[in-house]
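Student: When you get a sec, could you give me coordinates for this:
(4 chains)
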4 protein chains.
Amino acid sequence: MQKSKIINDPVYGFIQIPEGILLDLINHPYFQRLSRIKQVSLAHYVYPGAHHTRFHHALGALHLMQEALSILTSKGVEISPHEQTSACIAILLHDIGHGPFSHTLENTLIKVSHEKLSIAFMEALNITFEGKLTEAISIFRRTHPKYFLSQLVSGQFDVDRLDYLSRDSFFTGVTEGVVGYSRIIKMLSVSDGALVVEEKGIYSVEKFLIARRLMYWQVYLHKTVLAAENMLIKIIERARILHKRNQLQYIPSSLKYFMDNDITEDHLSENALFLLDKFAALDDFDIFSAIKEWQNEEDRLLAFICKALLNRELFKLKFSDVPISSEKLLVEESNIKSWWKGDDEEISFLLFSGKESNRAYSYAQEEIKILTKEGIVKPMSDCVDYPLPPGGIEKYYLCYASNLKEKTLS
Amino acid sequence: MQKSKIINDPVYGFIQIPEGILLDLINHPYFQRLSRIKQVSLAHYVYPGAHHTRFHHALGALHLMQEALSILTSKGVEISPHEQTSACIAILLHDIGHGPFSHTLENTLIKVSHEKLSIAFMEALNITFEGKLTEAISIFRRTHPKYFLSQLVSGQFDVDRLDYLSRDSFFTGVTEGVVGYSRIIKMLSVSDGALVVEEKGIYSVEKFLIARRLMYWQVYLHKTVLAAENMLIKIIERARILHKRNQLQYIPSSLKYFMDNDITEDHLSENALFLLDKFAALDDFDIFSAIKEWQNEEDRLLAFICKALLNRELFKLKFSDVPISSEKLLVEESNIKSWWKGDDEEISFLLFSGKESNRAYSYAQEEIKILTKEGIVKPMSDCVDYPLPPGGIEKYYLCYASNLKEKTLS
Amino acid sequence: MQKSKIINDPVYGFIQIPEGILLDLINHPYFQRLSRIKQVSLAHYVYPGAHHTRFHHALGALHLMQEALSILTSKGVEISPHEQTSACIAILLHDIGHGPFSHTLENTLIKVSHEKLSIAFMEALNITFEGKLTEAISIFRRTHPKYFLSQLVSGQFDVDRLDYLSRDSFFTGVTEGVVGYSRIIKMLSVSDGALVVEEKGIYSVEKFLIARRLMYWQVYLHKTVLAAENMLIKIIERARILHKRNQLQYIPSSLKYFMDNDITEDHLSENALFLLDKFAALDDFDIFSAIKEWQNEEDRLLAFICKALLNRELFKLKFSDVPISSEKLLVEESNIKSWWKGDDEEISFLLFSGKESNRAYSYAQEEIKILTKEGIVKPMSDCVDYPLPPGGIEKYYLCYASNLKEKTLS
Amino acid sequence: MQKSKIINDPVYGFIQIPEGILLDLINHPYFQRLSRIKQVSLAHYVYPGAHHTRFHHALGALHLMQEALSILTSKGVEISPHEQTSACIAILLHDIGHGPFSHTLENTLIKVSHEKLSIAFMEALNITFEGKLTEAISIFRRTHPKYFLSQLVSGQFDVDRLDYLSRDSFFTGVTEGVVGYSRIIKMLSVSDGALVVEEKGIYSVEKFLIARRLMYWQVYLHKTVLAAENMLIKIIERARILHKRNQLQYIPSSLKYFMDNDITEDHLSENALFLLDKFAALDDFDIFSAIKEWQNEEDRLLAFICKALLNRELFKLKFSDVPISSEKLLVEESNIKSWWKGDDEEISFLLFSGKESNRAYSYAQEEIKILTKEGIVKPMSDCVDYPLPPGGIEKYYLCYASNLKEKTLS
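Tutor: Below you'll find the model as predicted:
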């Protein structure tokens, strides 16, 4: 009999965590920090309920992993207790490399992807926990012989996605993202060492792909959310420039290291533990309290954007199916220059274009596999009477400050 | 035809806000700031979904007010459009006087109740909005001739409570707090200028009272939540002492004024606008980012509690039906002194007792009134075959750090 | 690896039924028949969603039993696989003795309680299934040495009640009946062979008791539901009288045996299999299609009540805290006699009094036991700061047809 | 002030029905009868919660119509109170022409479509209610000048579909069918007299189309549901043949007229009131209680299918993308002939092929129109970056009894 801790979760009811390595990892400061990092960055600027955290998502994904492992073993798939725990560790820590505001600042604070950082954190924790994470790391790195375990952690159809769609949909109230996670998990199976979905679950998979697609356009890439997140990026970029010019008056101690240095993967290989401790000291609070201080910076550009973001006076963002033409940029530039007296460097913070793509179903990646009643494994796209939602649809956007001039300059 | 803005809300589906004064108030920085103040303080230490904000609660209460006004007018109660808007303003701003971590720090940062501050904010906004809030203020102050409007804002059975029970229950996942808000609102009526509930809604009222009672014990006064919140109070108290002794190295600029001065209602009457701007500059981010800096303060007591709170190594809290005896205190004191070498002042931060009470149904306040099918108005307690849940049940507690010694001192 | 069948359930998501005896029992005609018997009789006359069946409730209770057994074994309680299956069988079949419209006609069609009939059905099935139900029967009969298994099937706090409250609440939309079944089950434990609830679940238990109480008054004993159900009883009673007088023109073949004979427990012991087959041939369809035919009977009293019930022109029902006085009866009798020209026998079908009681928490039965953190077992009533909702509150009622006179006689 | 009746609905919370013509229509026996007709025929053979009725669906669609009218008027669309009531009547009665088991027996009992019967019922009620339904009938017939009202009742995007998807999804527990009805309704508008959807609602529309598609395959055309429904059709067909040969022993009085005559639209135009009264006397209870009697018919074929359906021993049904080949039919025929000794007529009841199609999005019908932010109206298919789910996908099936031979013949 194993003792466990039960946590209330409004999405699944309860999450049960066995005492031992999983609970110990959750109690580690590296993990606790995730409770200060929002899951969907600034989406709460549009969806006021969306303040849920990476901490919560990691627990939720762990819960679904437990369910999936239990279903698979009940279907006769052999997974040893140690492998089960390792798969749970891998999913629990899959996002531990995320920094403040997750994807938004992913390339702005540090030039290392969050996946690379997750591995680095796992390896650091593996030292602390005396090798107990070795198998989990191999699952995360996709080198484990039971490949389906890696697919459960990260694949076309992993418990990560099942949790974040369910969770983000729950907290935003966007019902278009609701996913039948319970049914989908019950339909999982393993064939030739790889994850497959039983044929009778095919409509649930279709619904899952559509839900993912809709969540991209309605939440993750919502134009107002994107505008706010771009403002956040511009703030950090501006602060960094000012800091390098010795013109930034305030800098929180936790952020200083990342303003002083352009961190790349090289730093990670040189002195991982030092860097990880620095990085683990950062969370959403450092960024937003800095922004609050920076409202009063001498640099009027930084102050302007900070104040606007705090008071929710957001830049305008317009999508386009084609790249933004230079004519359009010029028109807006002259508009902005009519009220913002500044040089081109400054204007580049108030007017810029960009590109986003949904990633609903990437054929480049391995395809979802369906197990027919006759026991044959086929790619999903062969089993539907209807084209799957395309991934990689790209949209271009123009983002600019002009609608703010009257309000905020006063 | 009035334009309006629609906001997704996972609790009610959608909240509709008409353009005009209500939307303008929401866009005001005083109100936007509420999106950086958590509704249930540190309850997310136990319920990881509970990061929802005062901003969201205010919108939700506004929604229920709109529903209630629409039901009452459909029943023939006369409420003019201006009165309707004023009742909506009153509920929208009812909590605008809350500071960081709401009730937890209510007497620690500033010696003015949040209701007094709410009125002060409303009066300041009334100047900005050229008198448009005058009637709303009279509703909030309970001086409006249509008394039932004041009761809808604040009473035994107001839309404030209906929203926070529904919302806190939703985000914590504590189903015991679910309230049939929709049914209750449909049962509201007015008799002799006062709010009444139609008799057929009596079981919904009973359920509401029970739900409120259960939410107190399971969420608001959960022992682990209370322990974390007490640690937060102790941190601010310690920092203030150190600051007065010039021993605090770091202080965020927004917090400085409140550390320098012991603000009371006198300050509010002297220079309200100045004080309100200072207060409005504060939110949860200032406090938690300060705590992050204070982990590294020279004062090892402050550093110790800050680090413990951030890493979720919480004090122990034990409830008792009777006041904590001095014997018990002495026993724990000697335990703590065995590992914490410090003077009595320091010990008082690591060991203390307190008292809390649920406020489920206070008979002292006006009773809920029931309107029978025969048109008679009776107090609720005369209509039930079963005693109502008692309010004012008091519990004493002892809170202390001893379980932390091994973990955090290292 | 055991194969299983998965059934969609809107209440719990999915119900999983292992192949073998449980699935075989579900496929048996005795059990399939439950899909033609409504769970809450005529409650859909008030709550139009409440058409769910005994079949569905039995599957739901089975699901909760599986959850409970899994929790208990995870806490170290020893329950053998055969005992687990037997507990599942016992709960699956616990209501198999219900006839058409469940409780409503329980004493009208046959003078044997549904529990007695359930046992008789189980024993008949035990022959068919060659003794595989023997242990299940001992659990149902409360003679099994592991008493807690019997308590899970039927006790103050059994999975039967947890399911029907959840399910009836779901299908009626009466949110007051929502129960935290998942939390409660997670709090179950066993001490000295008896079922206990861990102390931290005490508020969930309190909520469960309140929910049960509220469901009685809002659904099961709703005055309009009770009026409709009383009409149904009167119809059967009248038809039986007419049949005995050879004045009933139509009788469905399945009902004939029960109209010819007054079945008591004696018949059950004499010739159980014959009687059970007769009884199993009956369901809601026989009764309601008979009522449709009886609209056209020569007996104008029977025709009148049948037509009224089908067209939802219901008798009036008034509750009273005290027994209905003979004065009140006389007043209504003279009212009815003013438009219904008939003898006293006929009047007794159009005007009658009755008594109902909720059964929220019966102290007469064994009390719910709480297991404190210190490992002590106490009765629930010693652990609360608040009186438990009383069971056995009795209400008297007067039910009469007078409001129908104009509508239906024409 | 208008009085109204409030009905609990688990899907929307509450449905409010104003006193007057709407409530009077609901109380009419023609409408009450819908409470004895299941919404999704025999879908409860697979989804045990799906016993909801046409009565409940009609109330739900009425509720959504009220919401839609309120949204449209708030956007400045002119709809007079009488038009509003008429649109409500039209939707309330849109399915009143359905008979027992809705679509399943639509062409078997009577050769008149349910839409034609709905109009006939409305015209009959219009006499009873002295012309108050005249405008409602013109809305239902699509001859009303405000065409968008007809589209709300029946179109690509009507409140009928919004309600049945939400409701069927709720009662089956098939989450793939969940539809954001609330958001969609809020996005409705009118342009040039026709219904349009505002551009920001486009993803909700996409989700709606997908949900409809998935509900077809997972519920309405689920192979087991379809098998059961085909058995029901075969039972009626066989009974009719036997009745015409004077070989049917039992026939319920309500069904006799439809067994004696092949009713076509001609009968409807000749003597509508007589026919409607006969038809209104029929509901699910007549059919299923007849099936119960027919278990004991002398015709062993009828008895066999009836018994099988009651005991849920269902025919096998296999889908195919191409028409069933005669080879395949011959193979199964010889299988069946090996155990069922009967002539070809009999075999045609035990083995037959058919065709079904989903009707998710029919381009033949008018397209959904989108209103862009610039005020331009475009067809939906021009606004998406992704092909809409195709309507009219046809699937062929083979349905046969062979899997029953062992079980049921004994």
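Student: how about the residues of the stretch 51-200 of chain A that lie near chain B?
Tutor: Proximity of the stretch 51-200 of chain A to chain B (Cβ under 8 Å from any Cβ of the partner chain) is limited to residues A:51-53, A:55-56, A:59, A:170-174. Where you see a C-beta, it was placed from the backbone N, CA and C, and this is true even at glycine.
Student: List only those of these flagged as buried.
Tutor: A:51-53, A:55-56, A:59, A:170-174 (16 or more other Cβ atoms under 10 Å in any protein chain shown).
Student: after the helix or strand hosting residue A:167, next one along is what?
Tutor: Per DSSP states H and E: residue A:167 is located in helix A:159-172. Downstream of helix A:159-172, the first helix or strand assigned by DSSP H and E is helix A:181-186.
Student: Quickly list the domain ranges of chain A.
Tutor: According to automatic domain parsing, chain A is divided into the following domains: A:4-93+A:133-221+A:361-392, A:223-356+A:397-409.
Student: Chain C: which of the buried ones among the residues of the stretch 51-200 of chain A next to chain B is nearest?
Tutor: residue A:170 (14.9 Å; Cβ to the nearest Cβ).
Student: Who are the contact partners of that closest one?
Tutor: The contact partners of residue A:170, by Cβ atoms under 8 Å, 6 or more residues apart in numbering or on different chains, come to A:10-11, B:10.
Student: Now intersect those residues with the strands, please.
Tutor: Judged by DSSP state E, strands contain none of the contacts of residue A:170.
Student: just the buried members of those residues?
Tutor: Buried subset of the contacts of residue A:170 (neighbour count, 16+ other Cβ under 10 Å): A:10-11, B:10.
Student: tell me, how many neighbours does residue A:243 end up with?
Tutor: 17 (other Cβ atoms under 10 Å in any protein chain shown).
Student: now do residue A:354
Tutor: 14.
Student: now do residue A:250
Tutor: 16.
Student: For residue A:37, see how far away it is.
Tutor: The spacing between residue A:250 and residue A:37, counted by Cβ to Cβ, to the nearest Å, is 22 Å.
Student: Within range of chain D, give me the residues from chain A.
Tutor: Residues of chain A lying near chain D (Cβ under 8 Å from any Cβ): A:175-176, A:178-180, A:183, A:203-204, A:206-207, A:210, A:213-214, A:217-218, A:321, A:385-387, A:389-390, A:393.
Student: need the contact list for residue A:295.
Tutor: Residues in contact with residue A:295 (Cβ under 8 Å, 6+ apart) are A:303, A:306-307, A:310.
Student: With distance to chain B, pLDDT and secondary structure added, can I get those residues in TSV?
Tutor: Compiled in TSV, the contacts of residue A:295 are given as follows (distance: Cβ to the nearest Cβ, whole Å; pLDDT from 0 to 100; DSSP: H, G, I helix; E, B strand; the rest coil):
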residue	distance to chain B	pLDDT	secondary structure
A:303	14	97	helix
A:306	12	97	helix
A:307	9	96	helix
A:310	7	97	helix
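Student: Just the buried residues from the residues you listed, in PyMOL please.
Tutor: Selection of buried members from those for PyMOL, criterion 16+ other Cβ under 10 Å:
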select buried, chain A and resi 303+306+307+310
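Student: which residues in the stretch 301-410 of chain A form strands?
Tutor: A:316-320, A:351-357, A:369-371, A:377-379, A:394-400 (DSSP state E, counting those that start in this stretch).
Student: and what of the stretch 151-300 of chain A?
Tutor: Along the stretch 151-300 of chain A, counting by DSSP E, counting those that start in this stretch, strands occupy A:188-191, A:194-198.
Student: touching chain C at all, the first one?
Tutor: No - residues of strand A:188-191 contacting chain C under Cβ under 8 Å from any Cβ: none, with a closest distance of 11.4 Å.
Student: partners of that strand, with directions?
Tutor: If you go by DSSP bridges, strand A:188-191 pairs up with strand A:194-198 (antiparallel).
Student: got the contact list for residue A:178?
Tutor: With Cβ under 8 Å, 6+ apart, residue A:178 has these contacts: A:166, A:169, A:211, D:175, D:178.
Student: Next one: it from chain C, what distance?
Tutor: 13 Å (Cβ to the nearest Cβ, to the nearest Å).
Student: and that residue, backbone torsions?
Tutor: When read as degrees, to the nearest 10, the backbone of residue A:178 gives phi -60, psi 130.
Student: Could I get the pLDDT score of the residue lying closest to residue A:234 once chain neighbours are set aside?
Tutor: Counting by Cβ to Cβ, 6 or more residues apart in numbering or on different chains, the nearest residue to residue A:234 once its immediate chain neighbours are dropped is residue A:349, at 4.9 Å. For residue A:349, the model assigns a pLDDT of 97.
Student: And for residue A:349, the neighbour number?
Tutor: 23.
Student: Kindly list the main-chain dihedrals of residue A:6?
Tutor: Torsion angles, degrees, to the nearest 10, at residue A:6: phi -110, psi 130.
Student: just the one 10 residues further on next, same as before
Tutor: Dihedral pair for residue A:16: phi -110, psi 130, per degrees, to the nearest 10.
Student: So which bits of the stretch 201-350 of chain A are right by chain B?
Tutor: A:252-254, A:281, A:283, A:285-286, A:288-290, A:292-293, A:296, A:310-312.
Student: picking up where we left off before, I'd like to know which of the strands of the stretch 301-410 of chain A lies nearest to residue C:264.
Tutor: strand A:369-371 (56.7 Å; Cβ to Cβ).
Student: Direction included, what does that closest one pair up with?
Tutor: strand A:194-198 (parallel), strand A:377-379 (antiparallel).
Student: ok, how many other residues are close to the closest residue to residue A:378 other than its chain neighbours?
Tutor: Closest residue to residue A:378 apart from its sequence neighbours, by Cβ to Cβ, 6+ apart: residue A:370 at 5.2 Å. Residues within reach of residue A:370, counting by other Cβ under 10 Å, total 24.
Student: try the one 3 residues further on
Tutor: A total of 8 residues lie near residue A:373 under the criterion other Cβ under 10 Å.
Student: Who are the contact partners of it?
Tutor: A:199-200 are the contacts of residue A:373 under Cβ under 8 Å, 6+ apart.
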